[in-house]
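A.B. asks: I'll drop the sequence and a predicted model, then ask my questions.
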Amino acid sequence: MSTITRGSCHPTRVLTYDTGNASLALARSILGYFTAKSLHDGDACMRYFHRTQAVYVDATVGLKLSQLNITTALRPVVATWPEDAKSYPLWITGDLNSAVVLFVDTPTLFGEELRLIAAFDFKGGKVTLQIDYWDGRRNSVMDL
């Protein structure tokens, strides 16, 4: 178990997350990525993705973005998030080949709290594939 303190990923409390089955390099990479998201820094988020081979998929919505689309879509969206919008991991497992992360997006990101499972693939320490899964049955985000 590790701890994130206020000012990193989550704004109001000490957050404990489980990295017991994660390599140290993966834990650092994932925590850096979620910290960049929580700081609304699109450029910093993009540094975690492979420059030419990245793909992002939201399996619930049916959205698939290539590297170019990730770059053009992520920066403007992240910039519009309110200051208290955060995204933080709860559980991280794997290494810099492949990983699974359970995480939370706070309500100010997408209208209500989302609890997600993400599968990651890496090449050279950079994300080549991120697939997010979440339960859209009881979430108004699906009505958009």
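C.D. replies: It's in. Numbering: from 1, shown residues only.

A.B. asks: tell me which element the closest residue to V57 other than its chain neighbours is part of?
C.D. replies: Leaving out its chain neighbours, the residue that sits closest to V57 by CB to CB, 6 or more residues apart in numbering is I131, at 4.4 Å. (Glycine included, C-beta is placed from N, CA and C.) I131 is located in strand 126-134, with elements delineated by DSSP states H and E.

A.B. asks: ditto for T35
C.D. replies: Here T35 is covered by helix 24-38, with elements defined by DSSP H and E.

A.B. asks: Which positions within the helix or strand just after that helix qualify as buried?
C.D. replies: In the C-terminal direction, the helix or strand that comes right after helix 24-38 (DSSP H and E) is helix 42-46. Within helix 42-46, the residues that qualify as buried by neighbour count (16 or more other CB atoms under 10 Å) are G42, C45, M46.

A.B. asks: how far away is the last one from L96?
C.D. replies: It refers to M46. Distance of M46 to L96, given as CB to CB, to the nearest Å: 18 Å.

A.B. asks: who's the nearest residue to P89 once chain neighbours are set aside bridged to?
C.D. replies: Distances taken as CB to CB, 6+ apart put F103 closest to P89, at 4.6 Å, once the chain neighbours are dropped. The residues listed as beta-bridge partners of F103 by DSSP bridges are P89, L116.

A.B. asks: give me every residue that touches the most centrally placed residue in the chain.
C.D. replies: Within the chain, one residue has its C-alpha closest to the average C-alpha position: by CA atoms, centre = their mean, that is F34, at 5.4 Å. For F34, the set of contacting residues under the criterion of CB atoms under 8 Å, 6 or more residues apart in numbering consists of C9, S87, Y88, P89, F103.
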